[in-house]
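**Q** Provided below for reference: sequence and predicted model.
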Amino acid sequence: MPNLDFYAVGADFDAVLNYVFKECACRVFESYSLPGEEIVEFNSTAEISARYPIGIFRSSGASVLLQLVPLSATALFSIRRLALSPDVNQGHSFRYAVAGWGVIQLYLGGEGPHGLVASHTNHNTESRARRWQDLYRELGSVENWTRPDIARISSGFNRFIRTKLAVSRIGSRPVLRNASEAISKGAQLVGTVPRTGN
């Protein structure tokens, strides 16, 4: 299955993201731009950490929402401009979002005020994309589907987390080294990053 939820904190995210940049052959974008700004594409873990507090958040949401676009799937994603209400967005009337059938979501959880939130990664399968393409016409056609690359990259990433980084499991969820230490010291588990976007 393409879906994987896992627990990570602190330096665990460096190992996860360094693998993405070195091994995944993907472009890496923030899922949503900040209001009034262009979408940002990242080229390193350091660039992400300069923009976001990786693994640390104030609520139960993600610390970072990323979209990975395999180099062979660039025909299967787009950057869309979203209208915002300036009244509730400090005067900003737009932001951008990355969407498409060919993206791999990577939503980073981490440590929050109520405990540890699991991170999440997933991608569309070809059959799911074909079932839903009529409803989500703005995402374009899936005729250029490159599922073998998308599935191979996503599966390899999940396998790396399960077999190379995980030191234990909670149910089906791999637990990475620093998360395991936090749990052993009493950190509570509070769920999974909300799954949004396409």
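**A** Happy to help now that I have it.
**Q** Mean confidence (pLDDT) on stretch 48-63, please.
**A** Computed over stretch 48-63, the mean pLDDT rounds to 80.
**Q** Need the distance between the two termini of that stretch.
**A** Stretch 48-63 has an end-to-end distance of 11 Å (Cα to Cα, to the nearest Å).
**Q** next one: stretch 87-96
**A** 18 Å.
**Q** can you pull the buried residues of that stretch?
**A** R95, Y96 (16 or more other Cβ atoms under 10 Å). No exception for glycine: its C-beta is placed from N, CA and C like everyone else's.
**Q** ditto for stretch 8-28
**A** Across stretch 8-28, burial judged by 16+ other Cβ under 10 Å covers 8-10, 12-17, 19-21, 24, 26-28.
**Q** Go through the residues you listed and flag which are in strands.
**A** C26, R27, V28 (DSSP state E).
**Q** Export the residues you listed as CSV, with columns for distance to I39 and pLDDT.
**A** Output for these, formatted as CSV (distance: Cβ to Cβ, whole Å; pLDDT from 0 to 100):
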residue, distance to I39, pLDDT
C26, 15, 95
R27, 11, 96
V28, 11, 97
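**Q** What is the nearest of those to P70?
**A** C26 (5.2 Å; Cβ to Cβ).
**Q** Spatially, which residue comes closest to the closest one, not counting chain neighbours?
**A** Sequence neighbours aside, L68 is the residue nearest to C26 in space, at 4.1 Å (criterion: Cβ to Cβ, 6 or more residues apart in numbering).
**Q** quick one: the one you found from A83, how far?
**A** 26 Å (Cβ to Cβ, to the nearest Å).
**Q** ok, these two, which is more surrounded?
**A** More neighbours surround L68 than the other of L68 and A83, with 25 against 8 (other Cβ atoms under 10 Å).
**Q** List the contacts of R162.
**A** L4, P174 (Cβ atoms under 8 Å, 6 or more residues apart in numbering).
**Q** oh sorry, the question was meant for E41
**A** By Cβ under 8 Å, 6+ apart, the neighbours of E41 are R27, V28, F29.
**Q** Could you rerun that using 10 Å?
**A** The contact partners of E41, by Cβ atoms under 10 Å, 6 or more residues apart in numbering, come to R27, V28, F29, E30, E47, Q67, V69, I79, V98.
**Q** what packs against the lengthiest helix in the chain?
**A** In the chain, with assignment by DSSP state H, the single longest helix is helix 147-160. Applying 3 or more Cβ pairs under 10 Å, 6 or more residues apart in numbering; DSSP states H and E, one finds that helix 147-160 makes contact with strand 4-6, helix 12-23, strand 26-30, strand 64-70, strand 104-108, strand 115-123, helix 126-132.
**Q** Look up the residues forming beta bridges with the residue positioned nearest the centre of the chain.
**A** Centroid-nearest residue in the chain, with Cα atoms, centre = their mean: L106, separated by 1.5 Å. Legend: beta-bridge partners of L106 under DSSP bridges are L66, T121.
**Q** Over to the one 4 residues further on?
**A** The residues listed as beta-bridge partners of G110 by DSSP bridges are V117.
**Q** From G171, how far off is it?
**A** 19 Å.
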